[in-house]
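**Q** how would this look folded up:
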Amino acid sequence: SCPSEFSITKSSIPAPTIYYSSPVDESANNDNPALTWNMQYAETYKVMLGTSEDELEEVAAETAIEGQTEYSYQTENLQDNTKYYWQVVATNETGTTIGEVQSFVTMLPAPQNVVASDYELKAGESTTISWDAVEGALSYKVYNAGELIATLEPTVTEYELTGLEYNMSGHSITVTAVHE
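**A** Below is the predicted model of the structure:
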C-alpha cells in the first residue's frame, strides 16, 4: 500500500462578527442618522443602503482598522419620510459575513407656512397658530420656548395659544410633524 499525504489548513481567525448599534431597527424620525455597529475580525467591510430591501447599493467600502470594534457611516441627503434599509458586509481570510438587513424611517419635513392670527398681543390675549398639513404625519407637536404644550391629531393644523404672558422679545413657537 502507498502512503498518502495530505494536510488540512485551518485559519486561526474566526469569520467576522457584526452587531448593529443604531439606529434601532425599524425606528422612525431619523434625520440623516449615523449608522453604527460593532465588528470584530474583519479585514474589509462594505456598507449597503437603499430604499428597497432587495436592491441595496454600496455606499462605502473600507479597510477595517486593526483593534477597532466600533464603526459608523454618516448618511447624508436622505429623502424625508422615507424607509431606508441598510446592512454591513464584512470579509476576512476565513470568509464573508453578511449582516442582517436593518431599516429606519427618516423624519417628516417641517410644517410649512406656520403663521399666527395676531402678532401683537397684550398679556392674557390669545392667537391661533396654523400651518400646512404634512403628508404622512400621525400627529403634530406644538412647543413654546422648547416646552411641549400640545400634541394634536394629524387632521388638526391649528392651535389656539391662550394666556400668553408679556414677553418683550416675543415667543418662540415651534410646530413639528411626527411619525409615531
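
**Q** can you tell me how far the closest residue to Pro14 other than its chain neighbours sits from Ala64?
**A** Leaving aside its sequence neighbours, Pro14 sits nearest to Tyr41 (CB to CB, 6 or more residues apart in numbering; 5.4 Å). (Each C-beta comes from the backbone N, C-alpha and C, glycine too.) Distance, Tyr41 to Ala64, using CB to CB, to the nearest Å: 9 Å.

**Q** shared neighbours, those two?
**A** Here Tyr41 and Ala64 have Ala90 as joint contacts, going by CB atoms under 8 Å, 6 or more residues apart in numbering.

**Q** these two touch, right, the residue nearest to Pro14 and Pro16?
**A** Yes - between Tyr41 and Pro16 there is a contact under CB atoms under 8 Å: 4.8 Å.

**Q** of the two, who's got more company?
**A** Pro16 (24 against 18; other CB atoms under 10 Å).

**Q** Okay, and the beta partners of the residue lying closest to the more buried one once chain neighbours are set aside?
**A** Spatially, and ignoring its direct neighbours in sequence, Pro16 is nearest to Ala90 (3.5 Å; CB to CB, 6+ apart). Beta-bridge partners for Ala90, by DSSP bridges, are Tyr45, Thr97.

**Q** what do you get for Ser72?
**A** The partner list for Ser72 in beta bridges (DSSP bridges) reads Thr36.
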